[in-house]
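>>> 3D, please:
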Amino acid sequence: MASAVSTPAASAVAAARCKARSHLCAVCLLVFQWFLNFFVSWVQVFGGGRKDGMTGCRVGVARKNLGRVVMALAVDTSRFEGVPMAPPDPILGVSEAFKADTSDLKLNLGVGAYRTEELQPAVLNVVKKAENLMLEKGEFKEYLPIEGLAAFNKATADLLLGADNPAIKQGRVATLQSLSGTGSLRLAAAFIQRYFPDAKVLISSPTWGNHKNIFNDARVPWSEYRYYDPKTVGLDFEGMIADIQAAPEGSFVLLHGCAHNPTGIDPTPQQWERLADVIQEKNHMPFFDVAYQGFASGSLDEDAYSVRLFVERGLEVFVAQSYSKNLGLYAERIGAINVICSAPEVADRVKSQLKRLARPMYSNPPVHGAKIVANVVGDPTMFSEWKEEMAQMAGRIKNVRQKLYDSLSAKDQTGKDWSFILSQIGMFSYTGLNRTQSDNMTDKWHIYMTKDGRISLAGLNLAKCEYLADAIIDSFHNVN
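Okay, the predicted model is just below:
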């Protein structure tokens, strides 16, 4: 049997082994530091010590630490490496470019927001009164129900359809307050995706830039129907009818209730009648986007003609509403989604499912704008004042439209017919300019607009009409 090693001897052996391991660690550390020095030198020669956007690696230079030089290697790989940069918004980006322009001649005709004759934003007097009333009452800021403020929902349905409409009296209208027009459209798109997964939405060509984004985001398939005729700068009504007739039965047809955006071209009452015939024959579902009620013609009732016609026909209808334009509540994000149904019990079921969809989206809508609308519509004096202010805004845009037409007709010596300017309605005008010509408007004339040739007459005043006419004539005739 081997004899056991004595305690002092064992201690000596252990110490020797520890010393050997220390030497080995020191050697390994030197080798590792040599490798780091070599690697850093290589990166500095070939990569300059900069961040490599492809690999996400960043090499730090040597730094002193307690008198010793320590080399550090940091690897910085983001979980978001696969997230690309989103393109700028084509409409909101116009305003950013406008702000950066230092020219005194610059004009922003891109964003659809009302301006005074001095080209300044404005808050309606009736809105100020409604807000003062809210302050006087000392109202709380408690959560609203999922469906929103009851007084608002009643007021908005009455404005849309008329308080005496049978659909309202019979309880066939499901109304949810939502986040202005965009939020209302998005909520309806989610409803379509869930309960009509095989349906397609038909969208006018062209249309408001956000329509396609909304349905894409909701994963609702869409296709376009003809609307704008570039030869006449007017409505391609026969093409529109043909495309809606050719669509699969039961499609959703997105229609602009009034003041079509971006063209400003609306069907006539007779054409609306024929559209209702075709949509009814094909068992399509009409889906109205009503963003300008009262702001287009100056009359709440006149601008609701198309919607009321379809409801009167007994059709079930979706309608998205916004109060951004007609009450100037752009930042309040106040609107509604309405579904006119065949029976009260159907409306109850539809409303319950809209609420179910809204709950995980935004839980419940904001109260401030809803109370403004409810106060204005619910008070006869303020309601009358609102209609007067709305007519004044619509009237100013009509005056600018007429002045622009007069200036174009007087200045253009080619004999071109500019009368389409007058046949359009609402805050927008489709000039017929192409992308290159629109670029000339901006690059040469400092006039900012969307690249499809749309201009917002709400951002124009009488004093600038002749300058704008010069720019349009130059761009149209001198730029291919």
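
>>> mind checking how far Val253 is from Val317?
10 Å (CB to CB, to the nearest Å). From N, CA and C alone the C-beta is placed, and that goes for glycine too.

>>> any shared contact partners between these two?
Residues touching both Val253 and Val317 (CB atoms under 8 Å, 6 or more residues apart in numbering): 285-287.

>>> quick check: of these, which lies closest to Gly162?
Of all the shared contacts of Val253 and Val317, Pro286 has the smallest distance to Gly162: 17.6 Å, by CB to CB.

>>> confirm that closest one sits in a helix?
No - assigned with DSSP: H, G, I helix; E, B strand; the rest coil, Pro286 falls outside any helix and is strand.

>>> check contacts around it.
Here Pro286 is in contact with 252-253, 255, 276, 279, 310, 315, 317-318 (criterion: CB under 8 Å, 6+ apart).

>>> so where does Gln177 fall, helix or strand?
strand 173-179 (DSSP states H and E).

>>> over to Gln321?
strand 317-322.

>>> leaving out chain neighbours, which residue sits closest to Leu109?
Ile455 (4.1 Å; CB to CB, 6 or more residues apart in numbering).

>>> also Lys129?
Spatial nearest neighbour of Lys129, excluding adjacent residues (CB to CB, 6+ apart): Met382 at 6.0 Å.

>>> hey, what's Leu254 bridged with?
Phe287 (DSSP bridges).

>>> residues contacting it?
Leu254 neighbours (CB under 8 Å, 6+ apart): 201-204, 207, 211, 287-289.

>>> nearest to Leu300 among those residues?
Nearest to Leu300 among these, with distances taken as CB to CB, is Phe288, at 14.8 Å.

>>> and the closest one, how far from Ser429?
22 Å.

>>> the two: which is more packed in?
Higher neighbour count among Phe288 and Ser429: Ser429, with 28 against 24, using other CB atoms under 10 Å.

>>> assumed that one was part of a strand.
Yes - under three-state DSSP, Ser429 sits within a strand.

>>> skipping adjacent residues, who's closest to Pro269 in space?
Tyr305 (6.6 Å).

>>> could you say which helix or strand holds the residue nearest the centre of the chain?
Nearest to the geometric centre of the chain sits Asn210, at 4.8 Å (CA atoms, centre = their mean). Taking DSSP H and E as the definition, one finds Asn210 inside helix 209-217.

>>> quick check, pLDDT for His368.
We have a pLDDT of 97 for His368.

>>> what sits against it?
His368 neighbours (CB under 8 Å, 6+ apart): 134, 332.

>>> ok, it to Glu332 distance?
Counting by CB to CB, the gap from His368 to Glu332 is 6 Å.

>>> also Leu235?
When Leu235 is compared with Glu332 (using CB to CB), they lie 33 Å apart.

>>> over to Asp158?
Distance from Asp158 to Glu332, by CB to CB: 20 Å.

>>> these two: which has the busier surroundings?
Applying other CB under 10 Å to Asp158 and Glu332 shows that Glu332 carries more neighbours, namely 21 against 16.

>>> over to the more buried one: give its phi and psi.
phi -80, psi -20 (degrees, to the nearest 10).

>>> what does Gly234 give?
phi -140, psi -160.

>>> isn't it up against Leu422?
No - counting by CB atoms under 8 Å, Gly234 stays clear of Leu422, with 11.7 Å between them.

>>> please list all residues in contact with Val126.
327, 376, 382, 385-386, 389.

>>> switch the cut-off to 10 Å
Val126 sits next to 327-328, 372, 375-376, 379, 381-390 when contact means CB atoms under 10 Å, 6 or more residues apart in numbering.

>>> what's the answer for Gly426, then?
112, 256, 258-266, 291-292, 295-297, 303, 325, 394, 397-398, 401, 456-458.
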